[in-house]
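Engineer: Need coordinates for the following:
(chains A and B)
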Amino acid sequence: MSKIAVIGDGETTLGFGLAGVRLCVSCDETNANEKVRELLANDEVGLVIMSQDALKWLSHKVRKQVDASVKPVVITIPGRTARESAGSAQLGRMIKRAIGVDLTKG
Amino acid sequence: MALLNTKQKLALSTKGHKLLKQKRDALILEFFDVVKQAKDLRTQADEACITAFKSLALSQAFHGKAFLENAARSAEKVPEIEVTAKNIMGLKIPRIKGVSIHRNILERGYGVAGTDAKFDETVANFENALNLIIKLAETEVALLRLLQEIEKTSRRTNALEYNIQPELRGTIKYITLYLNQLEAERFVGLKLMKTKMAKAEEAEELAQAAEKA
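Structural biologist: Predicted structure coming up:
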């Protein structure tokens, strides 16, 4: 059994808090890096739900860690303001690196 | 001896190369299936999130932020995930199962009085989104693992094909050439010896004939 964590702005954490998620971490541009690192280092967490804005706030290094992390797995969701997702773009990048062709387009 | 050894190594590496190539092809096939799934799930989850956030905004306008935060803290059943492993071509892929995602009204923990149907809907929307996200998480972990494995396997096949096998072939060529050269030298040496011996014999015969005469 592992826990689910949510990280993002206040709205995102509030919404998933209503759905019952207990580990809600609010962050902003200044402390996103540390908070995400903390979550990645936490053994009890199996799944991190991250809003797209929080992903934007991360430094390049931490974002790379997030991309490659399997336990906990990090899923980005469109935030309250976003209309389309960055998650598929992230996936496309990884696929291109491994196979050489981007399969998510077309 | 060294020649035999290298030949054996080459045969082994060819075999390994073939196997690795097959493994890579199988992984890529599996990968295509998962990509399709992930794409569908991704769009579904995104849509669910967007509707959830919309209804959250409505509820917030109606009840105020403090009330919502209060309700969020009073949730009774906490959703968790269970992780088991699945095996594809010697690659362990986790299967993630959500536990107690969808709850009934009592399990949600907040009071029925003072909330309205819109609020319930908001919570249900978020539960729905969470459920989809957990499913998405499973496929995305599988994708990540498969990607890493494909990268590793193709690196290995390429190393075998473009680095190790040519090296072994070069060694074999060198050794065979050297051995051939040695043999040729010996052959020439023997021939020389033979002609010398033949000449000596002839000379002896001549000498004997001269003695008789």
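Engineer: What residues are bridge-paired with A:Ile4?
Structural biologist: On the basis of DSSP bridges, A:Ile4 is bridged to A:Leu47.
Engineer: residues in contact with it?
Structural biologist: A:Ile4 is in contact with A:21, A:23, A:45-49, B:79-81, B:130, B:134, counting by Cβ atoms under 8 Å, 6 or more residues apart in numbering or on different chains. Using the backbone N, CA and C atoms, a C-beta is placed for each residue, glycine as well.
Engineer: Tabulate those residues (CSV), appending distance to B:Leu56.
Structural biologist: Shown next, in CSV, are the contacts of A:Ile4 (distance: Cβ to Cβ, whole Å):
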residue, distance to B:Leu56
A:Val21, 14
A:Leu23, 19
A:Val45, 23
A:Gly46, 25
A:Leu47, 20
A:Val48, 20
A:Ile49, 15
B:Pro79, 17
B:Glu80, 23
B:Ile81, 23
B:Leu130, 13
B:Ile134, 19
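Engineer: Now that A:Met50 has come up, it's in contact with A:Pro78, right?
Structural biologist: No: under the contact definition of Cβ atoms under 8 Å, A:Met50 does not touch A:Pro78, with a separation of 11.0 Å.
Engineer: Counting neighbours, go ahead and name the busier of those two.
Structural biologist: A:Met50 (25 against 21; other Cβ atoms under 10 Å in any protein chain shown).
Engineer: Looks to me like that one is in a strand.
Structural biologist: Yes: the assignment for A:Met50 (DSSP: H, G, I helix; E, B strand; the rest coil) places it in a strand.
Engineer: how far away is it from chain B?
Structural biologist: Using Cβ to the nearest Cβ, to the nearest Å, A:Met50 is found at 11 Å from chain B.
Engineer: for that residue, what are its contacts?
Structural biologist: Here A:Met50 is in contact with A:6-8, A:36, A:66, A:74-77 (Cβ under 8 Å, 6+ apart).
Engineer: residue ranges of the strands in chain A, please?
Structural biologist: A:2-8, A:23-26, A:45-51, A:73-77 (DSSP state E).
Engineer: Quick check, central residue of chain A?
Structural biologist: Nearest to the geometric centre of chain A sits A:Met50, at 3.3 Å (Cα atoms, centre = their mean).
Engineer: State the distance from that one to B:Val35.
Structural biologist: 21 Å (Cβ to Cβ, to the nearest Å).
Engineer: Kindly report the same for B:Lys191.
Structural biologist: B:Lys191 is 70 Å from B:Val35, by Cβ to Cβ.
Engineer: quick one, strands of chain B?
Structural biologist: B:80-88, B:91-99.
Engineer: wait, which of these is closest to chain A?
Structural biologist: strand B:80-88 (5.0 Å; Cβ to the nearest Cβ).
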